[in-house]
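Colleague: what follows is a predicted protein model with its sequence.
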Amino acid sequence: MHLFYSHKGGSGTTVTAAATALALARASGRAVLIDLCGDAPAALGMAEPSGPGINEWLDPDSTADGESLLLLGSPADNGLVVIHQGCDRVNGNPRWSDLTDVLLSLPMPVVIDAGTRPLPPEMYERSQRSLLVTRPCYMSLRRAINGQRPDGIVLIEEPDRALTSKDIASVLSLPVVANIPFESAISRAVDAGLLASRLPQLLQRHLPLD
């Protein structure tokens, strides 16, 4: 279970998570992307989903199980299944522990795009890897210092920034496990809904797949 999150919107979390899920699906034959922030379908060029999603599954009154969770998914590309956000919020205490149990039991790679959504510590602690996606931005670093501690950092490298990858690793006392260049070609692919078809030449060699 690979958990991607950020402390600041616009950091590239969704694109990084979606690209990682695509790469894992191609390598393994199947993978699941859990979209907790609602942007994955757009990033992957999918039709806007309707009907229940992960938030309905998380509802404290729900009795849905792992099989029901997978039935909520929509096929994206090469074996990737996207389970979209569903309704805007969960009323009451979400079934985070149940979700974690189910995701860890699935026989395929799981990627979670948490965006900036707050999650309980258990989700981070039980993940195979929790990764903070950030730009070399002072505001993002200030929030990250006091936030949940991940296993590593995915740095979206922007030109003309004063902070380097070594600076980020030093400030947060965490390893930078991937450096993803901020390239206009990637942005154009996402805007055109072509991330899936253009993934190999644009992103895959930079992704934190090890």
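Modeller: Happy to help now that I have it.

Colleague: quick one: the helix or strand bottoming out on mean pLDDT in the chain to chain centroid distance?
Modeller: The helix or strand of the chain with the poorest confidence is helix 195-202; it has a mean of 76 (mean pLDDT, DSSP states H and E). Relative to its chain's centre, helix 195-202 lies at 17 Å (C-alpha atoms, centre = their mean, to the nearest Å).

Colleague: do stretch 2-15 as well
Modeller: For stretch 2-15 - counting by C-alpha atoms, centre = their mean - the centre lies 6 Å from the chain centre.

Colleague: can you get me the start-to-end distance on that stretch?
Modeller: Using C-alpha to C-alpha, to the nearest Å, one end of stretch 2-15 lies 14 Å from the other.

Colleague: counting contacts, what elements does the least confident helix or strand of the chain pack onto?
Modeller: If you count contacts as 3 or more C-beta pairs under 8 Å, 6 or more residues apart in numbering; DSSP states H and E, helix 195-202 packs onto helix 13-28, helix 184-191. To be clear about C-beta, it is placed using only N, CA and C from the backbone, and glycine gets the same treatment.

Colleague: now do stretch 19-29, average pLDDT.
Modeller: Averaged across stretch 19-29, the pLDDT comes to 93.

Colleague: need the CA coordinates for that stretch. PDB is fine.
Modeller: Presented in PDB, the C-alpha positions along stretch 19-29 are these (Å, rounded to 0.1, in the frame of the first residue of the first chain):
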ATOM      1  CA  ALA A  19       1.400   7.700 -12.600                       C
ATOM      2  CA  THR A  20       2.700   5.400  -9.900                       C
ATOM      3  CA  ALA A  21      -0.500   3.400 -10.000                       C
ATOM      4  CA  LEU A  22      -0.400   3.100 -13.800                       C
ATOM      5  CA  ALA A  23       3.200   1.900 -13.600                       C
ATOM      6  CA  LEU A  24       2.400  -0.700 -11.000                       C
ATOM      7  CA  ALA A  25      -0.600  -1.900 -12.900                       C
ATOM      8  CA  ARG A  26       1.600  -2.400 -16.000                       C
ATOM      9  CA  ALA A  27       4.200  -4.200 -14.000                       C
ATOM     10  CA  SER A  28       1.900  -6.400 -12.000                       C
ATOM     11  CA  GLY A  29      -1.100  -6.800 -14.400                       C
END
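
Colleague: buried residues in it?
Modeller: Along stretch 19-29, these residues count as buried under the neighbour rule (16 or more other C-beta atoms under 10 Å): 19-26.
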